[in-house]
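Colleague: predicted structure and sequence below. I'll ask about it afterward.
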Amino acid sequence: MNQYFATVEEVTSNGIKLRLDGEQEARETYYNSISQVNKDDRVYINYVSGTILILGKLLYKERS
């Protein structure tokens with residue numbers, strides 16, 4: 001099972017555009033998510049049945 005991270009580039013009613021880590025440009029395909037995400041969120045993704053599914057966004061804890 002491959003595991004990847006990406007950045008949300010656009011959120012529309014058609015789905016979510018992603019820029020995968022290591023890529024310079026956002027992908028042209030709109031993907032589905034099982035959690036609510038916003039533009040510029042860092043997300044955890046996985047390949048499922050030939051497409052990408054956004055599993056959730058990364059939450060960062062501020063260091064004191």
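Modeller: Nice, I can see it. Numbers count the residues shown, from 1 in each chain.

Colleague: contact partners of the lengthiest strand in the chain?
Modeller: For the chain, the strand with the greatest residue count under DSSP state E is strand 3-12. With C-beta atoms under 8 Å, 6 or more residues apart in numbering as the test, strand 3-12 has contacts from 16-21, 26, 30, 37-47, 52, 54, 57-58. All C-beta spots, glycine's among them, are computed from the backbone N, C-alpha and C.

Colleague: let's see that with 7 Å instead.
Modeller: For strand 3-12, the surrounding residues in contact (C-beta atoms under 7 Å, 6 or more residues apart in numbering) are 16-21, 26, 30, 37-46.

Colleague: and what of stretch 39-50?
Modeller: The contact list for stretch 39-50 (C-beta under 7 Å, 6+ apart) reads 1-11, 18, 37, 52-58.

Colleague: report the buried members of the residues you listed.
Modeller: For those, a neighbour count by 16 or more other C-beta atoms under 10 Å gives the buried set as 6-8, 11, 18, 37, 52, 54, 57.

Colleague: columns pLDDT on top of those, output as TSV?
Modeller: TSV is the format used below for the buried ones among the contacts of stretch 39-50 (pLDDT from 0 to 100):
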residue	pLDDT
Ala6	96
Thr7	96
Val8	97
Val11	97
Leu18	97
Val37	96
Ile52	93
Ile54	96
Lys57	94
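
Colleague: who does Tyr44 form a beta bridge with?
Modeller: According to DSSP bridges, the residues that bridge with Tyr44 are Phe5, Gly56.
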